[in-house]
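Novice: Sequence plus the predicted model coming up.
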Amino acid sequence: MNIRNDIRNIAIIAHVDHGKTTLVDKLLHQSGTFRNNEQVEERAMDSNAIEKERGITILAKNTAINYKENRINIMDTPGHADFGGEVERIMKMVDGVLLVVDAYEGCMPQTRFVLKKALEQKLTPIVVVNKIDRDFARPAEVVDEVIDLFIDLGADEDQLDFPVVYASAINGTASLDPEKQDENMEALFESIIDHIPAPVDNSEEPLQFQVALLDYNDYLGRIGIGRIFRGTMKVGQQVALMKLDGSVKQFRVTKLFGFLGLKRIEIEEAKAGDLIAVSGMEEINVGETVCPVENQDPLPILRIDEPTLQMTFLVNNSPFAGKEGKWITSRKVEERLKAQLETDVSLRVENTSSPDVWIVSGRGELHLSILIENMRREGFELQVSKPEVIVREIDGVRCEPVERVQIDVPEEYTGAVMESLGARKGEMQNMTNNGTGQVRLEFMVPARGLIGYSTEFLTQTRGYGIINHTFDSYQPMVEGQVGGRRQGVMVSMESGKATQYGIMQVEDRGTIFVEPGTEIYAGMIVGEHTRENDITVNITKLKQMTNMRSATKDQTVTMKKPRIMTLEEALEYLNDDEYCEVTPESIRLRKKILDKNERERIAKKKKYASQEA
C-alpha cells in the first residue's frame, strides 16, 4: 500500500479558551509560512467580526503549513458544544488530532465532547498541555485526568499510547519535558510528523471527494471544501455529484484551490489525501460525494447530531417596526434564514401556518444568538420567542435533553450553587476540592433548567464562578416546573419618551431597563418587578409645572443605573408570553399582547380554565 509521506492532516480540538487558535498562530509563524515583513493579526484564524470581539471560534477553518519537506494541513475547530456540528464533520477529513488541554483547568466538558467525536472516528491523538507557563500549572495531574478521560470514553490501546507535548502557545514554545521549555515549537512539529499517520496514496483509483465545509463567493458561487479520499481531481474534469437524496448531477470543475497559510492558492490538480476547495457546482451540500461520471461510488453520508433547542422567529410587528432596520419583510427574513442553512448544517428552519413565523432549531442558546446577532448587524429587524428545548419520544417515553455541567467556584459559594441547581432538578455527580479554596462541582441538569441560569449563577458567585456545560443525552422528562423566571415585569401602559420623573415614581418597585429619553410603546417591558406578578406603569409622565416656588427645587435627585441587557441576557430573560424585538440599534422586550385589557382578559380565561380542570 502506497503512502503519501509528504502530507499530514490534523485537527486541533479543545475546550473553549484553551488556546487552539493562538497555537495555530504560532505554528503558522514558526513554519516560515509568512514573510518576515508580513503584517499578520493576532488569532489570524478568527476572521469573523463576532469571533474577534468574543475571542471564540465559531466556524471551523483550515490552513496549511510547510515544515521541512512536509505539508501539514491544519483544521481549527470551535470549542463550544453549540458549534459541535462543525467539529463532527472535520473529524472525517483528518487522520489525527491535537487535543489541547489547559495546564491548570484540565479536562472540561467540551474537552470530553470533542475527544469523544475524535475517538469515534479512530483518529490518532497527540495531547498538548498548553499554558504550561501559568501560575499553579499542574501538568502531571492534567495528564492523569486526560488518561482517565480516554479510558472513560472507551479508547483502544493504540489511542491510549499517546505522546504528550508541553507548550506555551502565547510564548511560541514547546517541549517534551514539563520542567523546561525549548526555544520554539520544534518538539510539536516533530511529534506531528512522527505520530500522525500519513494518508494512503490511492490516486490511481477512481475519484472520491467528500464535502465537509461550505463557503460562498460572489464571483465563484458555492465552494465545497473537503478531502480527496481516492483518485485525482483536475480543473476542467467532468464529474458526477452524488446528492443526499440519491439523485446525481453532472458538472465541470471550474476551479481548484489548495491552502497555504491564510491564502487559497489556485491549483490545476489534487490527489488522494489533499484538502482542497472546489467551485463549479451551485447546489453542492455538506456530506455529498464527487465521483467520476463512469464510476459512481458515494461515501457514507456524514451523521450530524440533531438540534436540541428551538425558537420562534417572527417578522417585527411592534409599533416601532421599520424605524431602525433595512430588511423587515417576511420575504427578506425567510431568504436570510434559508441562506444560513446553506452553510450551517446544524440549523433547521421550519415554516408554520403563518407566512410571517418560522421555527428555528439549533444546538444551543449561543448557536441561535450568534445567528440573531449576525442578522441584526446586517440590518434585519425581527422578533424572537423564548428558547424551548426539543422534546423527543424515544421508545414511547417523552425525553428531554440533559446537559453535563461543570462548575468551578470558591468554597464559600458551593452551598448557594448546589441549592439553585437542585431547584432546577440538577443531580450532583461529583465534587472535588483541590485544597486551593476552589471547588469543582459536576452535575447533570435538564437543558430547560439551564435556560436563564447563567445570570443567576454570576450573581450568586459574585462573578467568581466559572460554568461550562455540554449536551450529554436524551433522558426521560422530569415532571413539574424546571427553571424559568420567578419575578414579574413592569409593562408600559403608554407610548412616548421615558422621563426622569416617570422613572423616579416606579424605581422603588423594581429594576428599570430603560434610560430617560428612550422611546417606548404600550406593552413594552420597561423593568423587573420585585414580586411575582406583572404590573403596568407609566414612565412617560411629566412633572406638572407651576409658577409656585418650591423649597426642594434645588435638591439633587439621584437615579439608580438602569439594567441594559445584552442579546443573550434578553433571550434568557424571556417568559412564555413575551417576545424579544431585535433591530440593528435596539434590543427591546415586549409582551406578545400589547393591549393591557386584552392581556387581563386572556389571563382570566386561563385562570378559569385551570380551576375547572
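Specialist: In hand now; what should we look at? None of the values given here were measured: they were computed from a predicted structure.

Novice: Pull up the distance across stretch 348-362, start to finish.
Specialist: Using CA to CA, to the nearest Å, the span of stretch 348-362 from its first residue to its last is 7 Å.

Novice: Report the buried residues of it.
Specialist: 349, 356, 357, 358, 359, 360, 361, 362 (16 or more other CB atoms under 10 Å). Every C-beta, even on glycine, is put in place using the N, C-alpha and C of the backbone.

Novice: could those go into CSV alongside secondary structure?
Specialist: Written out in CSV, the entries for those read as follows (DSSP: H, G, I helix; E, B strand; the rest coil):
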residue, secondary structure
349, strand
356, coil
357, strand
358, strand
359, strand
360, strand
361, strand
362, strand
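
Novice: Mind putting those into TSV with pLDDT and distance to residue 584?
Specialist: Conversion of those to TSV gives the following (pLDDT from 0 to 100; distance: CB to CB, whole Å):
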residue	pLDDT	distance to residue 584
349	92	22
356	91	20
357	92	21
358	93	20
359	93	24
360	93	19
361	91	25
362	87	22
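
Novice: Need the max-distance pair from those residues.
Specialist: Put simply, by CB to CB the two of these set farthest apart are 356 and 362, 20.3 Å from each other.

Novice: low-confidence ranges in this protein?
Specialist: In the prediction, the chain carries residues with pLDDT under 70 at positions 1, 32-61, 79-86, 303-305, 548-556, 613.

Novice: mind redoing it with 50?
Specialist: Applying pLDDT under 50 to the predicted model, the residue ranges of the chain that meet it are 35, 37, 39-46.

Novice: By residue count, which strand of it is the longest?
Specialist: Longest strand in the chain, counting residues (DSSP state E): strand 397-410.

Novice: That one packs against which elements?
Specialist: Where contact means 3 or more CB pairs under 8 Å, 6 or more residues apart in numbering; DSSP states H and E, strand 397-410 is packed against helix 109-120, strand 392-394, helix 414-423, strand 438-446, helix 447-450, strand 466-476.

Novice: out of those, deepest packed?
Specialist: Among the helices and strands packed on strand 397-410, the stretch with the highest mean neighbour count (mean count of other CB atoms under 10 Å) is helix 447-450, at a mean of 25.

Novice: For that one, enumerate the helices and strands it packs against.
Specialist: With contacts taken as 3+ CB pairs under 8 Å, 6+ apart, helix 447-450 sits against strand 388-389, strand 397-410.

Novice: 10 Å - rerun?
Specialist: Applying 3 or more CB pairs under 10 Å, 6 or more residues apart in numbering; DSSP states H and E, we find helix 447-450 packed against strand 388-389, strand 397-410, helix 414-423, strand 466-476.

Novice: Distance to residue 75 added to these, as JSON lines?
Specialist: Below are the helices and strands packed on helix 447-450 laid out as JSON lines (distance: least, CB to CB, whole Å):
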{"stretch": "strand 388-389", "distance to residue 75": "30"}
{"stretch": "strand 397-410", "distance to residue 75": "25"}
{"stretch": "helix 414-423", "distance to residue 75": "35"}
{"stretch": "strand 466-476", "distance to residue 75": "20"}
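
Novice: what's the closest of these to residue 538?
Specialist: When the helices and strands packed on helix 447-450 are ranked by distance to residue 538, counting by CB to CB, first place goes to strand 388-389 at 32.7 Å.

Novice: Okay, now the sheet partners of the closest one, with direction.
Specialist: As defined by DSSP bridges, the strand partners of strand 388-389 come to strand 309-315 (antiparallel).

Novice: send the alpha carbons of stretch 254-267 over as CSV?
Specialist: These are the backbone C-alpha positions of stretch 254-267, laid out as CSV (Å, rounded to 0.1, in the frame of the first residue of the first chain):
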residue,chain,number,x,y,z
THR,A,254,-14.1,25.3,-12.9
LYS,A,255,-11.5,26.0,-10.2
LEU,A,256,-9.5,24.1,-7.6
PHE,A,257,-7.9,25.7,-4.6
GLY,A,258,-5.2,24.4,-2.2
PHE,A,259,-4.4,26.1,1.1
LEU,A,260,-1.2,27.7,2.4
GLY,A,261,-1.2,30.0,5.4
LEU,A,262,-4.2,32.2,5.3
LYS,A,263,-4.4,32.2,1.5
ARG,A,264,-6.2,30.0,-1.0
ILE,A,265,-3.9,29.1,-3.9
GLU,A,266,-5.3,28.1,-7.3
ILE,A,267,-4.0,24.7,-8.4
